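Asks: Make a model of this:
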Amino acid sequence: MIKETILIVDDEEDILELIKFNLEKEGYSIVKALTGEKAVKIVRQTSIDLIVLDLMLPGMDGLEVTKFLKTDEKTWRIPIIMLTAKGEESDIITGLELGADDYLLKPFSPKILIARIRAILRRGREKTSPSRDIIKIEGGMVIDSAKYVMSINGDVVDLTLSEFDLLSFLANKKGWVFTRGQIVDAIRGENYAVTERSVDVIIAGLRKKLKNYAFVIETVRGVGYRFKE
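Replies: Numbers count the residues shown, from 1 in each chain. You can find the predicted model right below:
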């Protein structure tokens with residue numbers, strides 16, 4: 001089976017070759033770019049399934065590339081994994097808010113990068129499959145989106161609409177990190193008149209009701225929340 005095509009964008013040749021070598025061993029088709037401008041040109045001309053994007057690029061940096069691609073109706077669906085050497089929370093948050101799907105801090109393990117790529121591409125394939133109304137979590141948690149019911153070991157847990165929507169949203173994208181703003185937009189629509197602080201309040205109430213399952217909602221410091229894979 002032919003695997004997906006991945007674009008790697010980094011201004012350091014050694015890193016490009018390292019990532020290329022490891023991904024090609026996994027059977028992926030690789031395209032490389034040393035600049036943001038070149039990356040945008042490639043995406044316009046080539047079918048790309050995922051982008052590994054360094055944020056610290058000369059000229060058009062990684063955040064600018066992300067913003068450009070995520071605001072173009074022809075390219076916004078392409079998942080992006082950000083690479084950053086700075087490790088600054090502001091860059092990570094900005095990238096995620098612009099629409100990036102994941103991030104890794106340099107130096108990183110090629111094995112971890114491959115695992116992240118596999119997970120994101122797998123989720124993309126699942127999105128194109130018939131939608132599933134029921135999510136089952138190992139251990140006895142069941143989320144039924146059609147009936148708006150969540151149960152643990154057969155016992156229905158009384159959740160508010162906001163709590164259910166937030167839980168369902170995160171559970172449908174296990175492992176993905178979302179900022180508070182992204183969560184608000186997802187469960188209430190863009191420009192909903194509510195502060196991001198309310199997400200923390202909803203999370204706190206949800207964790208209390210989940211009791212022994214509270215651990216499934218993980219806090220990513222300085223960024224937001226994700227559902228444990």
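
Asks: If we ignore the residues flanking it in sequence, what's nearest the most centrally placed residue in the chain?
Replies: With distances taken as CA atoms, centre = their mean, residue 101 lies nearest the centre of the chain, 3.0 Å away. The shortest distance from residue 101 to any non-neighbouring residue, by CB to CB, 6 or more residues apart in numbering, is to residue 79 (4.4 Å). All C-beta spots, glycine's among them, are computed from the backbone N, C-alpha and C.

Asks: and residue 185, what helix or strand is that in?
Replies: Using DSSP states H and E, the element containing residue 185 is helix 180-188.

Asks: So what's the gap between that helix and the chain middle?
Replies: 14 Å (CA atoms, centre = their mean, to the nearest Å).

Asks: What lies in contact with it?
Replies: 96-97, 162, 165-166, 169-170, 178, 192, 194, 196-200, 224-225 (CB atoms under 8 Å, 6 or more residues apart in numbering).

Asks: For residue 31, which residues are in contact?
Replies: 5-8, 42, 46, 48.

Asks: can you tell me which of the residues you listed are in strands?
Replies: 5-8 (DSSP state E).

Asks: Go through the residues you listed and say which is closest to residue 36.
Replies: residue 7 (11.5 Å; CB to CB).

Asks: before we move on, back to that, next one: the residue nearest to the centre of the chain from residue 119, what distance?
Replies: Counting by CB to CB, to the nearest Å, the separation of residue 101 from residue 119 is 10 Å.

Asks: Got the confidence number for residue 196?
Replies: If you check residue 196, the pLDDT there is 68.

Asks: Now residue 56: closest residue in space, sequence neighbours ignored.
Replies: residue 85 (6.1 Å).

Asks: hang on, isn't that neighbour packed against residue 108?
Replies: No: at 9.8 Å, residue 85 does not count as touching residue 108 under the criterion of CB atoms under 8 Å.

Asks: Between these two, which has more neighbouring residues?
Replies: residue 108 (17 against 14; other CB atoms under 10 Å).

Asks: Quick check: residue 45 vs residue 85, distance?
Replies: On the measure of CB to CB, residue 45 and residue 85 end up 29 Å apart.
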